[in-house]
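Q: please work out how this folds:
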Amino acid sequence: MIERLKKIQYNSPVILTFTFLALASYLLGYLTNGTSTALLFSNYRTSLLDPLQYVRLFSYILGHANWAHFSGNFIIILIIGPMLEEKYGSKVLIQLILVTAFVTGIIHTIFSGTALLGASGIVYMFIILGSFTNREKGKIPLTLIIVFFVFVGSEVFGGAFAQDNISQLAHIIGGCCGALFAFKIKH
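A: Okay, the predicted model is just below:
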């Protein structure tokens, strides 16, 4: 049994650590009946003097409302993330995650009066960036264009007509970050 466990490799440290931190945040939220999620893992407009406001601009990507929310985000992150970590490296991937979280958190705080939690902006950034991974220099992959319009376009449409608790704004910003990163990162 121990020999089999030795064969398990922590193959994608950023993605696995992100997943385990979000799982721990979810479990803590479950154990505290949502109190820790609201206090530490949800981004919402508060006083600029509130030191937790600055923490929550990043930590909201670890919080999730329920198991379906968590598993829906992290299935995609666990599928696409290791490929992106291998292609761009752990350090760059951490930077992309943090920039996307910060930009999404700031814009959502300014333009929305609701709380934001979850990693779906990161998911959309990964989806768009992932569709760009096999591009040839100087060319734009058709897959990037199609994926961008299907995923981001559906969120624009959903944001205009849907009445739900899903932050289409976070999805759109994440997708736009992914597209921007796809063109700006040196391959």
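Q: model confidence for the residue nearest to P13 when sequence neighbours are not counted, exactly?
A: Nearest in space to P13, with sequence neighbours left out and distances taken as Cβ to Cβ, 6 or more residues apart in numbering, is S90 at 5.8 Å. Using the backbone N, CA and C atoms, a C-beta is placed for each residue, glycine as well. At S90, the pLDDT value in this model is 97.
Q: roughly how far does S90 sit from I75?
A: As for S90, its distance to I75 is 21 Å (criterion: Cβ to Cβ, to the nearest Å).
Q: for the chain, which segments count as helices?
A: In order along the chain, the chain carries the following helices (DSSP state H): 2-6, 13-31, 35-40, 51-59, 67-88, 90-111, 120-130, 142-161, 168-184.
Q: any idea which of these scores lowest on pLDDT?
A: Looking at those, the weakest mean confidence is helix 142-161, a mean of 69.
Q: spatially central residue for this structure, please.
A: Nearest residue to the geometric centre of the chain (Cα atoms, centre = their mean): I122, 1.8 Å.
Q: contacting residues around L93?
A: Neighbouring residues of L93 by Cβ atoms under 8 Å, 6 or more residues apart in numbering: 14-15, 81, 84-85.
Q: top of those by neighbour count?
A: Counting neighbours by other Cβ atoms under 10 Å, L84 comes out on top of the contacts of L93 with 25 neighbours.
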